[in-house]
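Participant: Quick check, what structure comes out for this input:
(chains A and B)
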Amino acid sequence: MAQEDCKGIWVFAEQQDGKLNDTVFEILARALDLKNHSGEEITAVLLGKGVTALAPALFEYGAEAVIVAENDALAQYSARPYEKALTQLVQKHRPSILLYGATSLGRDLAPRVMVSLRTGLTADAVDLGFDEDGVFCQTTPAYGGSVLARIAILEKRPQMVTVRPKMFDPVEPRSGASGRMIAETVDIAADGDYEVLETMARQDHGGSIEDADILVSGGRGIKSEEDLKRLDELAALLGGRLAASRPLVDSGWLPHDRQIGQSGTTVKPKYIFNVAISGSVQYQVGMQKAGCIISVNHTKGAPIFDISHYGAVADYRALIPALIEEIRRRKA
Amino acid sequence: MKILVFVKQVPDTDDVALDPKTGRLVREGVESKLNPVDANAVEAAVQLKEKHGGTVGVVSMGPPQAEDVLKKALALGCDESYLLSDRPLGGADTLATAYTLSLAARRIGGYDLLLFGRNAVDGDTAQTGPATAAFLGIPQVTLASSIDVEDGWVICERRLEDRTQKVRARMPALVTVTAEMNKPRYPKPVDIVKALKKPRHAWTAQDLGADPSRIGMNGSPTSTRGLMEPRKRKADTKYFQGQPREIAAQIADLLHDERLI
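Facilitator: Numbering: from 1, shown residues only, chains lettered A, B, ... in the order given. Model prediction:
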């Protein structure tokens, strides 16, 4: 689509099982900032079956219009029907910007829409805004987060971006807010070539690290799986979860979804204990928004201390058992 | 069964530096390697071939030296390689890359399954796999941690944020694999020698019948406006002092003040 006549900021309102994904509210907050610059209307796009009831929440968090397309073929997410539905809506309404959460669903869907619309898509942006020339730019980490690239989509529309979760804080909801409701019909059929056979809630390792308030995270300096169990014990004592930097995941001691960092998960816990982690840039990118960062490393010059609120230059093999014992004593 | 696996050559470091004067990446002295999770895709392809029979072709787009990662994939058990290398293909973003890869898949033809690693460690977009599936109009399974085929379907487990899914897609289909799927094997010296005799193809944009306006920089809607070092938060770090037991007590005091214990 060419630039002419395209206007409006769209937010893909990802929902599953009738529940909006948290990133929708985060992205709406950023869309409000974009609107301050461009003055363009913010529209949330809701696809699914029986999802119209989600519209009020979208208005409360900043959407001025909500486009809803209900269809049996959209009841459960599947890439191709979603791709077709969204493509039809974009072709009809011609937005200038289309934002998705960089969730597993958003990153499954957006590249397909990129192809069907022949437009640009920036992956996993950590920031968005207009530069001094008024060009909409996206900041995205590359090379494991050791550099940030500023990307722009100059000619094609819509300018599409997946936005990394937890980058922006949702606004205070305006209770009772409302706006334009636009019900659309999409011409799609269910995908007979793709089928979800089974869905199970994740139970391994006590839930995801993404929404944990407290994390105990181990790094390259952890000497054995036995030591890792001590970190797990500490995490359990604090009501938190065990996480890791990349080397421990590469070594197979923990699954990938425990990994903090650019190529793993971005976390924003209230507290994080970094144990024997030197603090590569890609790790720092993944956890620097933690509320309180406490780090233990035997090397005084470890970069992790540069971003830590509290530091202990110590051998974790002596410190962690002592800390576990101390906490047990105080809890007793 | 005919499997195609798509691999990328990436810098052998994830700690690249910027030249402070030019703001460009320092490329001198940086070795290249096979993108790590692409090795899992190759391993998955070879295991499927061992179990169900068939052939595995390996495809890479890149400069001539990308031949190195294709040789490695051949040593790991792939049967044939395809290098898509041509100056006009350079500077491609995910849209132009996926277009080019889809042309290669069409030219090879007769495939049942296309395998990708979930992401490349350099650009890290994870978009090329799904975009290639879109160009080919076939179903996709992203983030697969297991894979098998049965009666014309590919069956995978996907590990998502809060759930695990078991899904199936009718072949031909495209699957992006995660590192949990398997442990890539090491090539034996005899395999490396055997690999030298396997068919290797090199194709240009013209060989692919590519529309010049849709490849390389011409076909890339996204452009990089600049590279920056990430801003680091410099905290005013408070250090705990003393022997491990004393430090433990200070940390416990902090935890107590914060009502964590």
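
Participant: From here on, just use CA atoms for contacts and neighbour counts.
Facilitator: Noted.

Participant: okay, now residue B:160: neighbour count?
Facilitator: 18 (other CA atoms under 10 Å in any protein chain shown).

Participant: hang on, I meant residue A:52
Facilitator: 18.

Participant: now stretch A:157-171: mean pLDDT?
Facilitator: Stretch A:157-171 comes out with an average pLDDT of 93.

Participant: touching chain B at all, that stretch?
Facilitator: No: residues of stretch A:157-171 contacting chain B under CA under 8 Å from any CA of the partner chain: none, with a closest distance of 8.9 Å.

Participant: One more: stretch A:69-77?
Facilitator: No: on the criterion CA under 8 Å from any CA, stretch A:69-77 is out of touch with chain B, staying 11.7 Å away.

Participant: Okay, helices next: where are they in chain B?
Facilitator: Under the criterion DSSP state H, chain B contains helices at B:36-52, B:67-75, B:94-108, B:128-136, B:189-195, B:244-257.

Participant: Any chance of CSV for those helices, columns mean pLDDT?
Facilitator: Output for the helices of chain B, formatted as CSV (pLDDT from 0 to 100):
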stretch, mean pLDDT
helix B:36-52, 97
helix B:67-75, 97
helix B:94-108, 98
helix B:128-136, 98
helix B:189-195, 94
helix B:244-257, 92
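
Participant: winner for burial among those helices?
Facilitator: The highest average neighbour count among the helices of chain B, using mean count of other CA atoms under 10 Å in any protein chain shown, belongs to helix B:128-136 at a mean of 26.

Participant: packing partners for it?
Facilitator: When contacts are defined as 3 or more CA pairs under 8 Å, 6 or more residues apart in numbering or on different chains; DSSP states H and E, helix B:128-136 sits against helix A:104-117, helix B:94-108, strand B:140-150, strand B:173-177.

Participant: Tabulate those in a markdown table, adding columns for distance to residue A:71.
Facilitator: Formatted as a markdown table, these follow (distance: least, CA to CA, whole Å):
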| stretch | distance to residue A:71 |
| --- | --- |
| helix A:104-117 | 17 |
| helix B:94-108 | 29 |
| strand B:140-150 | 21 |
| strand B:173-177 | 25 |
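
Participant: Ok, which of these comes nearest residue B:36?
Facilitator: Proximity to residue B:36 (CA to CA) singles out strand B:173-177 among the helices and strands packed on helix B:128-136, at 11.3 Å.

Participant: What's the mean pLDDT across that closest one?
Facilitator: The model assigns strand B:173-177 a mean pLDDT of 98.

Participant: List the strands paired with it, with their directions.
Facilitator: Paired with strand B:173-177 in the same sheet, following DSSP bridges, are strand B:113-117 (parallel), strand B:140-150 (parallel).

Participant: Would you state the helices of the stretch 51-200 of chain A in chain order?
Facilitator: Taking DSSP state H, counting those that start in this stretch as the criterion, the stretch 51-200 of chain A carries its helices at A:55-60, A:79-93, A:104-117.

Participant: Deepest-packed of those, please.
Facilitator: helix A:104-117 (a mean of 24).

Participant: Hey, what's the angle from that helix to helix A:79-93? Just curious.
Facilitator: 60 degrees (axes from the mean of the first three to the mean of the last three CA atoms, to 10 degrees).

Participant: rewinding a little: export the helices of the stretch 51-200 of chain A to CSV and tack on distance to chain B?
Facilitator: Below are the helices of the stretch 51-200 of chain A laid out as CSV (distance: least, CA to the nearest CA, whole Å):
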stretch, distance to chain B
helix A:55-60, 22
helix A:79-93, 7
helix A:104-117, 5
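
Participant: a strand runs through residue A:257, doesn't it?
Facilitator: No: using DSSP: H, G, I helix; E, B strand; the rest coil, the assignment for residue A:257 is helix, not a strand.

Participant: was I right about residue A:65 contacting residue A:57?
Facilitator: No: using CA atoms under 8 Å, residue A:65 makes no contact with residue A:57, being 11.7 Å away.

Participant: starting at the chain centroid, how far to stretch B:37-46?
Facilitator: Averaging C-alpha positions (CA atoms, centre = their mean, to the nearest Å) puts stretch B:37-46 10 Å from its chain's average.

Participant: Same question for stretch B:36-54.
Facilitator: That offset, for stretch B:36-54, works out to 14 Å (CA atoms, centre = their mean).

Participant: Likewise for stretch A:50-70?
Facilitator: 21 Å.

Participant: Please save the CA atoms from that stretch in PDB.
Facilitator: Output in PDB follows, covering the C-alpha atoms of stretch A:50-70 (Å, rounded to 0.1, in the frame of the first residue of the first chain):
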ATOM      1  CA  GLY A  50     -17.700 -14.000  21.000                       C
ATOM      2  CA  VAL A  51     -15.100 -11.300  21.700                       C
ATOM      3  CA  THR A  52     -17.100  -8.100  21.300                       C
ATOM      4  CA  ALA A  53     -17.400  -8.000  25.100                       C
ATOM      5  CA  LEU A  54     -13.700  -7.200  25.200                       C
ATOM      6  CA  ALA A  55     -14.200  -3.800  23.500                       C
ATOM      7  CA  PRO A  56     -14.900  -1.700  26.700                       C
ATOM      8  CA  ALA A  57     -11.500  -2.600  28.200                       C
ATOM      9  CA  LEU A  58      -9.900  -1.500  25.000                       C
ATOM     10  CA  PHE A  59     -11.700   1.900  25.200                       C
ATOM     11  CA  GLU A  60     -10.700   2.200  28.800                       C
ATOM     12  CA  TYR A  61      -7.000   1.800  28.000                       C
ATOM     13  CA  GLY A  62      -6.900   4.300  25.200                       C
ATOM     14  CA  ALA A  63      -8.500   3.000  22.000                       C
ATOM     15  CA  GLU A  64     -10.800   5.500  20.300                       C
ATOM     16  CA  ALA A  65     -12.300   3.000  17.900                       C
ATOM     17  CA  VAL A  66     -12.600  -0.800  18.000                       C
ATOM     18  CA  ILE A  67     -13.000  -2.900  14.900                       C
ATOM     19  CA  VAL A  68     -14.400  -6.300  15.700                       C
ATOM     20  CA  ALA A  69     -14.500  -9.200  13.300                       C
ATOM     21  CA  GLU A  70     -16.300 -12.200  14.700                       C
END
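
Participant: Pull up the per-residue confidence for the nearest residue to residue A:51 once chain neighbours are set aside.
Facilitator: Nearest non-adjacent residue to residue A:51, counting by CA to CA, 6 or more residues apart in numbering or on different chains: residue A:18, 6.1 Å away. We have a pLDDT of 94 for residue A:18.

Participant: can you give me the strands in the stretch 101-250 of chain A?
Facilitator: Ranges of strands within the stretch 101-250 of chain A are A:121-125, A:127-130, A:136-142, A:147-153, A:159-163, A:180-184, A:194-201, A:214-218, A:241-244, based on DSSP state E, counting those that start in this stretch.

Participant: same for the first one, what does it pack against?
Facilitator: The reference is to strand A:121-125. Short answer (3+ CA pairs under 8 Å, 6+ apart): strand A:121-125 packs on helix A:104-117, strand A:136-142, strand A:159-163.

Participant: Would you give the sheet partners of that strand, along with the direction of each?
Facilitator: Applying DSSP bridges, one finds strand A:121-125 paired with strand A:159-163 (parallel).
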